[in-house]
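Participant: Model the following, please.
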Amino acid sequence: MKNRIKVSAPGRICLFGEHQDYLGLPVITAAIDLRLELTAALRYDNFLNISLPDIRSFEKLDISRGKEFKYKRPRDYFRSGYNVLFRKGLRIDLGYDLQIRSSIPINSGTSSSSALINVWIRFLNEISANRITLDDKMTAHLSYLAEVEEFGEPGGKMDQYATALGKILFIDFHNGTKITEFDIDPGYFVLGDSGEPKDTLHILRSVKDQVLSAVNKIKERDPQFSLYGNDANSAEKHRDILTAREYEVLTAAFMNREFTYQALDQLKNDIPDKKLFGRMLTEHHSVLDEKLGISTPKINRMISAAIAAGAYGGKINGSGGGGCMFVYAPEDPEKAAEAIVNEGGKAYIVKVTEGLKVKRY
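Facilitator: Numbers count the residues shown, from 1 in each chain. Below you'll find the predicted structure:
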């Protein structure tokens, strides 16, 4: 019997479609080779002892109770992941000692929490007495339930699918979740962590609520209006009934949607023009910065410095208000990384990678 398990998942960058998934609009993601890894050894009792040395934290779950856990804090992901699987009928009989380490920047927009929950869900299924067939897509779905729906949060499904499936994905959330995978190597990106703390939930709710408020106002006048079937010109026709902020974020949603489809055409042809792809990232960032207002002066400086050092383009990554940015630097990524460091950031040279990995030994 193999008594040890190792499960890992990558972080991710959002290439195109930032702040779109929770609106049902498409995104393009790339998994990056910074990973979160769970290692576990069998205990022969009824406790899951979880050590998280990176954040100097420890969790102890008593699984002998045979029922769902009550939550002790917001975003209590170890208990929510267990509860979601418990409701699916999974039961766990034996304890494990676990250690979780990660090279993914924490609370910085690179999906460290979604990587954690994907790894946790897959691990729990592996040790269950009545394991179910759990592929990467189903893992992502269960992780979404545990991370977002369980706590009534405003986020979408992008992060869970991006970190479970890996590689470059075009994910369309209109009428379900449809995924196109691109097995291509675009070369190097450079991720830059600004070190600025961010309030993810506040930013998500602020942008999402304003967009949906605009859509609902327009629907009262034009019931056929939708984010998927209309465009910025349609929004202009209804500008008189929107606040200035509602109009700004609504037009940004349409612009970001179009950037995503333009980038999809590039991916279908293996990114034939890498410099154009980089410029598109920068144009996308301009909308996120100027219309959504989610960037910061420091992140803008980091992007500009890296581009001046030879990167082809870049953007803020994640919900914004701090956290990470990245640039596309298939040539001389070291120079872009140095420029980011000179602006006070922490730089990581990264490439596209695979998703969830499980090993028993």
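Participant: Pull the contacting residues for residue 275.
Facilitator: Contacts here follow Cβ atoms under 8 Å, 6 or more residues apart in numbering; on that basis residue 275 touches residue 312. Any C-beta I mention is one placed from the backbone N, CA and C, and that applies to glycine too.
Participant: helix or strand for it, which one?
Facilitator: For residue 275, the enclosing helix or strand under DSSP states H and E is helix 274-287.
Participant: now that helix, how far from the centre of its chain.
Facilitator: Relative to its parent chain, helix 274-287 has a centroid offset of 19 Å by Cα atoms, centre = their mean, to the nearest Å.
Participant: Stretch 100-116 now?
Facilitator: Distance, centroid of stretch 100-116 to centroid of chain: 9 Å (Cα atoms, centre = their mean).
Participant: what's the span of that stretch, first residue to last?
Facilitator: 9 Å (Cα to Cα, to the nearest Å).
Participant: which helices and strands does the longest strand along the chain pack with?
Facilitator: The residue-count maximum for a strand in the chain (DSSP state E) belongs to strand 27-42. Other helices and strands packing on strand 27-42, by 3 or more Cβ pairs under 8 Å, 6 or more residues apart in numbering; DSSP states H and E, are strand 4-16, strand 96-102, helix 112-127, helix 158-165, strand 168-172, strand 189-193, helix 244-268, strand 346-350.
Participant: Now the first one: buried residues?
Facilitator: For strand 4-16, the buried set under the neighbour-count rule, 16 or more other Cβ atoms under 10 Å, comprises 5, 7-16.
Participant: What is the most widely separated pair among these?
Facilitator: Using Cβ to Cβ, the buried residues of strand 4-16 reach their maximum pairwise distance at 5 and 16, which is 35.3 Å.
Participant: Scan the helices and strands of this structure for the one with the lowest mean pLDDT.
Facilitator: Least confident helix or strand of the chain, by mean pLDDT, DSSP states H and E, is helix 232-237 with a mean of 88.
Participant: how far is that one from where the chain is centred?
Facilitator: With Cα atoms, centre = their mean, you get 30 Å for helix 232-237.
Participant: Identify all contacting residues around that helix.
Facilitator: The contact list for helix 232-237 (Cβ under 8 Å, 6+ apart) reads 214, 218, 225, 242, 247, 250-251, 254-255.
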